[in-house]
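Colleague: pasting the sequence and the predicted coordinates here, then a few questions.
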Amino acid sequence: MQKRNRILLVYFLTFGGILLWLGIIFLAPFLKSRAFGLNVFAYAVFTPICHQIPTRSFFLFGHPLAVCARCLGIYFGFLGGLGLYPLKRGFSEILIPKILTFVLVTAPLVIDALGNLFHIWSTSNWIRFLTGVLWGLILPFYFITGVADFFLNRAREKSSGIKNIP
């Protein structure tokens, strides 16, 4: 029962975290449209992880979202993957998806990004968004598995008094 409770805790904390994350993404242009100084903070949160190029972003309230279309797709895909997680995995076991699954959902994003990088083609923001969604769908299956496994191992170490050193 302890394993199930830990997985559920990680799941629900992750769900809350992604909702907050998406909220900040959509809050940034709203704050900018109202000339609130907090918009600088909202955009700055995402600066280290997204290029935030306006032409590659969707707009809301006349301003770009805090992330580009592909990053937004990844976060929406992550949210969708969280919705699928209980249906596909449940909360009793910690399982990692097969590597082939990861490769298949990653390939469209990588191919599209490389094609754009080398100026072979230029895709629309909607295609970038969709490749991001596809990739984001698989991420919760790794994230929840990794975090839950980490905490379960820590709990085991604490109860046994023995620390596992790789």
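Modeller: Sure thing, it's come through. Treat the numbers as computed from the prediction; the structure is a model and nothing was measured.
Colleague: pLDDT below threshold where in the protein?
Modeller: 1, 155-156, 159-166 (pLDDT under 70).
Colleague: any idea how far the top helix by length along it is from the chain center?
Modeller: Ranked by residue count under DSSP state H, the longest helix found in the chain is helix 125-160. Centre-to-centre, helix 125-160 and its host chain are 9 Å apart (C-alpha atoms, centre = their mean, to the nearest Å).
Colleague: renumber starting at 651 from here on
Modeller: Noted, 651 is the first residue going forward, which turns the last one into helix 775-810.
Colleague: ok, and for that helix, which residues are buried?
Modeller: Using 16 or more other C-beta atoms under 10 Å as the test for burial, helix 775-810 gives 775, 777-791, 793-795, 797-799, 802. Yep, even glycine has a C-beta here, placed from its N, CA and C like the rest.
Colleague: what about stretch 712-730, distance to the chain center?
Modeller: Mean-position distance between stretch 712-730 and its chain equals 9 Å (C-alpha atoms, centre = their mean).
Colleague: actually, stretch 683-702.
Modeller: Counting by C-alpha atoms, centre = their mean, stretch 683-702 comes out at 18 Å from the chain centroid.
Colleague: likewise stretch 658-674?
Modeller: Relative to its chain's centre, stretch 658-674 lies at 10 Å (C-alpha atoms, centre = their mean).
Colleague: what strand or helix carries the spatially closest residue to residue 781 that is not a sequence neighbour?
Modeller: Spatial nearest neighbour of residue 781, chain neighbours left out: residue 759 (4.3 Å); criterion: C-beta to C-beta, 6 or more residues apart in numbering. Using DSSP states H and E, residue 759 sits in helix 749-767.
Colleague: what's in contact with that helix?
Modeller: With C-beta atoms under 8 Å, 6 or more residues apart in numbering as the test, helix 749-767 has contacts from 720, 770-773, 777-778, 781-782, 784-785, 787-788, 792.
Colleague: repeat that with 7 Å
Modeller: Helix 749-767 is contacted from outside by 771, 772, 773, 777, 778, 781, 782, 784, 785, 787, 788, using C-beta atoms under 7 Å, 6 or more residues apart in numbering.
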